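1. What follows is a predicted protein model with its sequence.
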Amino acid sequence: MPHIVTDNCSSCRFTDCVSVCPVNCFHGDAGRLYIDPDLCIDCGACIPKCPVGAIVEDIDILGSPLIDLNAEKAASLPVIMTKQSPLPGADKRREELMAEGLV
């Protein structure tokens, strides 16, 4: 089962996860990351690296539109292979997610 990037990634775009991905399955736009489900080998290395808990197994969210969104966006966006700076306001967003119990 491949992993999926959830909406927790929106407006923060921490890229700690890409530095441990052995198959370079992360793609990104200006606001968040996506995982290519055809490349993901389900190793799980990315999960503990995400500071906002944005990465889950697709089996945990079966039926979610996020599964199709990741596949669609990954197909048309560039691969992100190295850690980049998070978006401005990312730390504040992480604090908000933590306060809401989403991390």
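-> Okay, I see it.
2. doesn't residue 68 fall inside a helix?
-> Yes. Counting by DSSP: H, G, I helix; E, B strand; the rest coil, one finds residue 68 located in a helix.
3. Could you check the pLDDT of it?
-> Residue 68 carries a pLDDT value of 93.
4. what about it, neighbour count?
-> Other residues lying near residue 68 total 11 when counted by other C-beta atoms under 10 Å. Backbone N, C-alpha and C define where each C-beta goes, glycine included.
5. And for residue 75?
-> Counted by other C-beta under 10 Å, the residues lying close to residue 75 total 12.
6. my read: it touches residue 37, true?
-> No. Using C-beta atoms under 8 Å, residue 75 is not in contact with residue 37; the gap is 10.0 Å.
7. Name the residues contacting each of those two.
-> By C-beta atoms under 8 Å, 6 or more residues apart in numbering, residue 75 and residue 37 have no common neighbours.
8. Hmm, residue 24 is touching residue 78, no?
-> No. The criterion here is C-beta under 8 Å, and residue 24 misses it with residue 78 at 10.8 Å.
9. of the two, who's got more company?
-> Between residue 24 and residue 78, counted using other C-beta under 10 Å, the more crowded position is residue 24 (13 against 10).
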